[in-house]
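*Asks:* Fold the following.
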Amino acid sequence: MNYDELKKLSDKKFFDSLSIEDLNNYAELLRKYIVKICSKKSTHLASNLGTVEIFLALNKVFDFTNDLFTFDVGHQIYTYKILTGRFDRFPTIREFNGLSGFPDPEESDFDLFKVGHVGCGLPLALGLSAGLNKEESNKVEDKNIEKDESKNKKKPEKQIVTLLGDGALTNGPMLEALNYIANRKNGKIIIILNDNGMSISRTVPSITKKLSLFATKLNIRGSLEQKLKKKGHSVIIESLVKFFRSMKNFILPKQIFEDFGIRYVGPIDGHNIKELIEYFSFAKNFPHTILIHVKTIKGKGFKPAEENPELFHSAPPFNPLTGEVKLSTNTFTNLFGRIIVEKARENKDIYAITAAMKNGCGLDSFEKEYPDRFIDVGIAESLAVSMAAGLAKIGKKPVVCIYSIFLLRAASQVYHDVVLNHLPVFFAIDRSGLVGIDGPTHHGLYIYPFLCGLPDINLFNCGFIEDVESAFSLLGNAKLPVFIQYPKDVANSFYDEIKKMSYEIGDDLKVEYKPFDINKIYGHNESKIAVISVGSSFSICKNAFIKLFKEKIYFNFYYISQVKPFNDSNVNEILSNNQKIIVVDESPSSSYIYQRFNEISSKVKMENNLKINILPFILPDILITHGTREQLFDLIGFSSKELVNLIKRLEK
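*Replies:* Here you go, the predicted structure:
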């Protein structure tokens with residue numbers, strides 16, 4: 001199969017010469033190519049298989065070099081990347097130094113914003129519209145709309161198009177943007193709603209359900225009207241036709257959007273290129289803001305993805321012929337999923353709340369066993385946190401399961417609704433730290449410093465199975481909020497890691513794991529250097545320890561996972577026996593553990609006239625690209641190699 005043919009699609013003159021039949025053939029070729037490339041790595045496959053025809057039609061009607069496009073969500077634009085001259089680099093997508101899996105202005109001028117979250121597409125388009133088309137008004141007057149359509153109003157020089165998909169309408173900023181359109185004057189925006197009935201998991205919120213039901217009812221009403229008309233015009237039949245027409249505002253989404261001042265058109269078949277081109281052309285010439293409701297199939301054209309779109313939303317590598325995937329079972333996500341089910345068996349008051357991330361957070365089994373205690377709010381993290389606060393207030397034991405980066409969207413509710421009210425909500429924060437190939441839109445770095453600044457909480461940075469298990473012992477027993485965070489990584493046992501270290505250095509390390517304490521892994525009487533490994537940073541410290549041990553360079557090695565409240569019971573001992581203490585923490589700019597050691601050491605130094613130097617070994621204050629965790633650690637200098645170099649310098 002000659003996939004090089006796809007390279008021609010970035011030539012606009014060639015593209016414009018293509019017939020509908022040609023475009024359908026290219027749609028099939030694009031799908032096969034996307035499946036081929038995505039089968040080798042973890043990618044957002046299903047969403048991109050559903051948007052192929054949309055982008056082909058957009059390129060036929062609009063000018064990607066002149067018109068302005070925003071995307072919500074950014075992961076659905078693989079076809080767009082190929083159409084905008086990135087075919088040659090497409091095999092590198094979601095690889096270190098390769099193409100991003102999301103829009104990225106540093107990668108191409110065709111991408112306006114670096115985005116990967118829900119809720120930004122329409123607000124960004126509003127900003128563009130306000131700036132470029134401030135003299136245009138898209139406020140539609142109810143009585144004069146047909147007259148307005150016929151006016152030869154000057155069209156803006158640039159069309160502003162936003163493609164919404166994967167549950168975008170369940171998000172607060174999107175509804176806020178719709179509300180702004182209804183109440184303010186702004187320029188024209190073309191909104192394309194890619195409705196595949198899903199977000200990441202199958203959507204639950206009623207607005208998405210209603211859109212799907214509306215689409216079905218529209219087809220029923222339309223076909224029934226036609227059949228009635230064909231059979232004659234009796235009084236009863238005419239009455240039925242009028243009844244259906246009068247009911248349209250109750251069964252069609254048109255009224256929803258036109259109440260916001262937006263002309264609604266649809267739903268239309270999102271895989272019918274001819275129809276898409278016709279409707280997009282209409283929207284291009286329409287003088288006001290307009291929404292085109294497009295129905296698509298997530299995973300279209302690849303049967304395994306159509307049958308299991310959740311699995312293939314962020315798909316691991318798979319067999320492109322059979323769709324068979326190899327899933328890792330010993331991840332922190334799966335560990336959490338097993339533990340919460342076990343806890344729920346023991347306590348009927350435990351609830352699991354997620355924001356459209358059932359599969360990603362490891363809650364599939366929980367939902368199957370306890371559907372009445374499983375809550376999926378859609379992509380609405382603030383709602384998830386506030387609901388959890390309500391549940392906790394009446395004695396339930398809510399567990400909010402959420403990605404680290406997405407908890408940022410609910411930071412206000414975390415403080416205001418939960419922490420301020422001393423409610424024992426349990427937060428399971430997945431994908432903390434550097435997430436790898438998802439890159440800067442998804443790195444889970446910034447909620448950690450925020451949580452470290454909150455009083456009266458329990459906070460755990462988990463690096464081992466035992467850390468998660470210990471933190472879970474507080475579920476139902478803690479009187480304050482509990483936050484546990486863990487990386488997108490393999491979950492190993494503390495004792496297994498100690499055995500591996502013992503084997504590597506040829507010495508039997510006898511360590512007893514203490515869940516809420518600073519664990520001493522190795523001590524050397526003559527060493528005055530200590531390394532404090534915090535949670536997910538352990539592998540970096542371990543590798544440095546092994547390398548230096550073999551070179552007969554020793555340091556005192558400690559491990560801690562409980563960040564708050566900080567247990568300082570053996571800090572004085574560490575400070576008394578060491579002159580230089582390195583705190584290794586996968587945290588940007590600063591580290592709470594480093595700060596606590598610094599504060600305590602200041603008092604100890606004054607009281608005992610000691611020379612103690614506390615050094616942070618943390619992430620740099622920069623935006624970090626995409627790649628594997630190991631590649632990114634090496635890139636930014638947060639690695640065992642750099643830690644070894646630092647310790648050697650301190651030894652001199």
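
*Asks:* ranges for the strands of the stretch 201-350 of the chain?
*Replies:* Using DSSP state E, counting those that start in this stretch, the strands of the stretch 201-350 of the chain run over 263-269, 290-295, 350-354.

*Asks:* Go through these and name the closest to residue 131.
*Replies:* When the strands of the stretch 201-350 of the chain are compared for distance to residue 131 using Cβ to Cβ, the nearest one is strand 290-295, at 19.7 Å. Just so you know, the C-beta spots here come from the backbone N, C-alpha and C atoms, and that holds for glycine as well.

*Asks:* Just checking: what are the partner strands of that closest one?
*Replies:* Looking at strand 290-295 with DSSP bridges, its partner strands are strand 190-195 (parallel), strand 263-269 (parallel).

*Asks:* need those strands in a markdown table with distance to residue 366, can you?
*Replies:* Below are the strands paired with strand 290-295 laid out as a markdown table (distance: least, Cβ to Cβ, whole Å):
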| stretch | distance to residue 366 |
| --- | --- |
| strand 190-195 | 28 |
| strand 263-269 | 33 |
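
*Asks:* Quickly compare those strands and say which is most buried.
*Replies:* With neighbours defined as mean count of other Cβ atoms under 10 Å, the strands paired with strand 290-295 peak in mean count at strand 190-195, which reaches a mean of 25.

*Asks:* which residues touch that strand?
*Replies:* Contact with strand 190-195 is made by 50-51, 54, 58, 76, 122, 125, 159-166, 168-169, 208, 211-212, 215, 262, 266-267, 270, 280, 283-284, 289-296, as judged by Cβ atoms under 8 Å, 6 or more residues apart in numbering.

*Asks:* Of the strands paired with strand 290-295, which is nearest residue 648?
*Replies:* Using Cβ to Cβ and comparing those, the one that lies nearest residue 648 is strand 190-195, at 54.6 Å.

*Asks:* ok, then the element right after the helix or strand harbouring residue 367?
*Replies:* When secondary structure is defined using DSSP states H and E, the element that contains residue 367 is helix 364-369. If you walk from helix 364-369 toward the C-terminus, the next helix or strand you reach (DSSP H and E) is strand 374-376.

*Asks:* List the contacts of the residue lying closest to residue 338 once chain neighbours are set aside.
*Replies:* Distance criterion Cβ to Cβ, 6 or more residues apart in numbering; nearest residue to residue 338, sequence neighbours excluded, is residue 365 at 7.6 Å. Taking Cβ under 8 Å, 6+ apart as the contact definition, residue 365 lies against 337, 338, 341.

*Asks:* Distance check, the second one against residue 396.
*Replies:* Put plainly, it is residue 338. As defined by Cβ to Cβ, to the nearest Å, residue 338 lies at a distance of 21 Å from residue 396.

*Asks:* Pick out whichever of those two has more residues nearby.
*Replies:* The residue with more neighbours, out of residue 338 and residue 396 and counting by other Cβ atoms under 10 Å, is residue 396; that gives 17 against 14.

*Asks:* and stretch 493-508, which residues are buried?
*Replies:* For stretch 493-508, the neighbour count (16 or more other Cβ atoms under 10 Å) marks 494, 497, 498, 501, 505 as buried.

*Asks:* Check stretch 80-100 too.
*Replies:* 80-87, 90, 93-96, 98-100.

*Asks:* And the residues you listed, which two are furthest apart?
*Replies:* Taking Cβ to Cβ as the measure, the buried residues of stretch 80-100 reach their widest spread between 83 and 96, a distance of 24.5 Å.

*Asks:* Could you list the residues in contact with the helix or strand containing residue 460?
*Replies:* According to DSSP H and E, residue 460 maps onto strand 458-461. Contacts made with strand 458-461 from outside it, assessed by Cβ under 8 Å, 6+ apart, are listed as 432, 448, 451-452, 467, 470-471, 474, 478, 480-485, 534-536, 561-565, 585-586.

*Asks:* of those, buried ones?
*Replies:* Restricting these to buried positions leaves 432, 448, 451-452, 467, 470-471, 474, 478, 480-485, 534-536, 561-564, 585-586, with burial counted as 16+ other Cβ under 10 Å.

*Asks:* Cross these against strands and list the overlap.
*Replies:* Assigned to strands by DSSP state E, the following of those qualify: 432, 482, 483, 484, 485, 534, 562, 563, 564, 585, 586.

*Asks:* returning to what we had before: looking at the buried residues of stretch 80-100, which one is closest to residue 401?
*Replies:* Nearest to residue 401 among those, counting by Cβ to Cβ, is residue 94 at 24.3 Å.

*Asks:* for the stretch 451-600 of the chain, which spans come out with low pLDDT?
*Replies:* Counting by pLDDT under 70, the stretch 451-600 of the chain contains no low-confidence range.

*Asks:* Strands of that one, start to end?
*Replies:* Counting by DSSP E, counting those that start in this stretch, the stretch 451-600 of the chain has strands at residues 458-461, 482-487, 519-522, 529-534, 556-560, 562-564, 580-588.

*Asks:* Can you check which of these gets nearest to residue 303?
*Replies:* Smallest distance to residue 303 across the strands of the stretch 451-600 of the chain (Cβ to Cβ): 33.4 Å, for strand 482-487.

*Asks:* Against residue 583, how distant is the nearest residue to residue 643 once chain neighbours are set aside?
*Replies:* Nearest residue to residue 643, sequence neighbours excluded (Cβ to Cβ, 6+ apart): residue 544, at 4.2 Å. From residue 544 across to residue 583, the span is 14 Å (Cβ to Cβ).

*Asks:* same deal with residue 406?
*Replies:* Residue 406 is 27 Å from residue 583, where distance means Cβ to Cβ.

*Asks:* Look at the two and report which has more neighbours.
*Replies:* In terms of neighbours (other Cβ under 10 Å), residue 583 is the more surrounded of residue 406 and residue 583; the figures are 26 against 23.

*Asks:* what number of residues lie near the residue lying closest to the more buried one once chain neighbours are set aside?
*Replies:* If the residues on either side of it in the chain are set aside, residue 583 comes closest to residue 594, at 4.0 Å by Cβ to Cβ, 6+ apart. Using other Cβ under 10 Å, the number of residues around residue 594 comes to 22.

*Asks:* so what's residue 594 up against?
*Replies:* Contacts of residue 594 were listed using Cβ under 8 Å, 6+ apart, and they are 583, 585, 614, 616, 618.
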